[in-house]
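Peer 1: Turn this into a structure:
(one chain, ligands or ions: 1)
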Amino acid sequence: MSYSWYPTWIDRKNRYSRTDNVFFDPQKFATIGVGIGLPNIVQKSTFSFRNVKDGADRFLGQSQSGEKPFARIYTRLGNPTTEHLEKLLFRLDCQHIIDAALAADEKKPTIGTLVFSSGMGAISCTTYALVKSGDTIISGGVYGCTDSFFRSLAKFGVSVKFINITDLCKVKEALAEASNPAMIFLESPDNPTLRISDISAISKLAEEYKIPLVIDNTFATPYLQQPFRLGADIVIQSLTKYINGHSTSVAGVVNGPWEFMNEHLFPVFKDHGPTASPFDSWLNTQGVQTLHVRMEQACDTAEELAKRLEKHARVERVWYPGLPSHPQHELAKKQMRRFGGMISFELKDGFEPAQKLMNYFASYTTPMELAVSLGSAISYIQHPASMTHSGIPEQDRVSRGITNGLVRLSLGLEGMENLWEAIVDGLEKAYDAK
Ligand SMILES: Cc1ncc(COP(=O)(O)O)c(C=O)c1O
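Peer 2: Sure thing, here's the model as predicted:
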């Protein structure tokens, strides 16, 4: 309603999204990642123009030679190494849209990609581009900094309504009650409780209210879940995690409708300045090449470990979308290729043994690190209540299931049996020492 780009996007949405083919061929995925190759690292802040007209054209968003005009002006606005990564990420999430556009001989771009210096840069700029004073954001349970960022917008007159977004009745209720709902924002699976939301059903509600559905797809990546095919309008990822895959850089990405990217998001990006460094973009291009292989192994490990953890006498509850005991297991099967490399669990007797288990992994001799972040070749264990989600007011945090006894694992490439052996040993020590 409040965005001039939206009505045209509705047409495209009906054409390109909610395809029956929810996943695309893993082989094709590998070809995209590896096939394009690595770019040069263009470690420059500014670029010389061919002549005055060339400079003026680029500032108008036009280039004679076909490359992204803003990638050859000044690196805050864009950079050739980052442009290469943007093309790659664009194809991973939007190949079906590109195929449809080519088949229809479309000349105008309909969807675009912008890389940021962090996942939070991508989330905050997208939000600034979408909301104004008096608006309400409807959000599911989200990463701690996304949560605190949304709350911080109160000083600009923007409110946020956090709901249990896995419950469609709550989404309908929030939409009906909110003053000027401006966007629905969700993570699926969410961080750290791994709840799954019905993206397709929620996108239909967003469409009724003519507001965009923004998905943070960091946990799944485009390899496991393709939100545009389910009806999402804007898809965000923290590249810091699975795309990089080795914990060597921080970056983020937004994919969204062209008018939004061009007329609303790019101006915010340009003036706020959350630009990825060329070297980080190069690292992330390298990360894309192995994403499918790493993701498969992380899923193998997590699927088996979740089953074993669920049977362990010291474990009270395991949250993993691949387990039949997970409340949205059936939905996860429909939306995701596999269930991902993240597990959360509660130990019997709560925080005390959980703390001992985490301290066990603080030792450099164990095959997992006591650290935040996720999606790396290295496995991590952490305590959301005191670490990643410590900024959420306690009552809200606990009501979302982020209890003091909840522990989150990100499974890497150390090998399932090595990890299991260490977890069993760590659990024994955690309870022995009581
Ligand atoms: C789901 C999710 N989204 C966004 C972010 C923020 O990403 P970044 O740390 O790259 O800013 C994180 C970070 O942990 C995350 O887990």
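Peer 1: what bits of the protein have low per-residue confidence?
Peer 2: Low-confidence segments of the chain, defined by pLDDT under 70, are located at 1-27, 33, 35-36, 433-434.
Peer 1: What segments of the stretch 1-150 of the chain are strands?
Peer 2: 111-116, 136-139 (DSSP state E, counting those that start in this stretch).
Peer 1: can you tell if the last one touches the ligand?
Peer 2: Right, the one you point to is strand 136-139. No - taking CB under 6 Å from any ligand atom as the criterion, strand 136-139 and the ligand are apart, separated by no less than 12.2 Å. From N, CA and C alone the C-beta is placed, and that goes for glycine too.
Peer 1: Against which helices or strands is that strand packed?
Peer 2: Secondary-structure packing of strand 136-139 (3 or more CB pairs under 8 Å, 6 or more residues apart in numbering; DSSP states H and E): helix 144-152, strand 159-162, helix 168-177, strand 181-187.
Peer 1: Relative to Thr146, how far out is the closest residue to the ligand within the chain?
Peer 2: The chain approaches the ligand most closely through Gly119 (2.4 Å), counting by CB to the nearest ligand atom. For Gly119, the distance to Thr146 (CB to CB, to the nearest Å) stands at 9 Å.
Peer 1: so who does the nearest residue to Gly375 once chain neighbours are set aside touch?
Peer 2: Residue nearest to Gly375 in three dimensions, not counting chain neighbours: Lys241, with 3.1 Å by CB to CB, 6 or more residues apart in numbering. The contact partners of Lys241, by CB atoms under 8 Å, 6 or more residues apart in numbering, come to 119, 218-219, 373-376.
Peer 1: re earlier: to Trp282, which of the helices and strands packed on strand 136-139 lies closest?
Peer 2: Of all the helices and strands packed on strand 136-139, it is helix 144-152 that lies closest to Trp282, at 25.5 Å by CB to CB.
Peer 1: ok now do His41, which residues does it touch?
Peer 2: I think there's a mix-up here, since residue 41 is Ile and not His. Taking CB under 8 Å, 6+ apart, one finds 81, 278-279, 282 in contact with Ile41.
Peer 1: Now do the contacts for the residue lying closest to Thr113 once chain neighbours are set aside.
Peer 2: In this structure, Thr113 finds its nearest non-sequential neighbour in Phe90, 4.0 Å apart by CB to CB, 6+ apart. Neighbour list for Phe90: 98, 111-113, 255 [criterion: CB under 8 Å, 6+ apart].
Peer 1: Check which helix or strand Pro321 maps to.
Peer 2: Under DSSP states H and E, no helix or strand contains Pro321.
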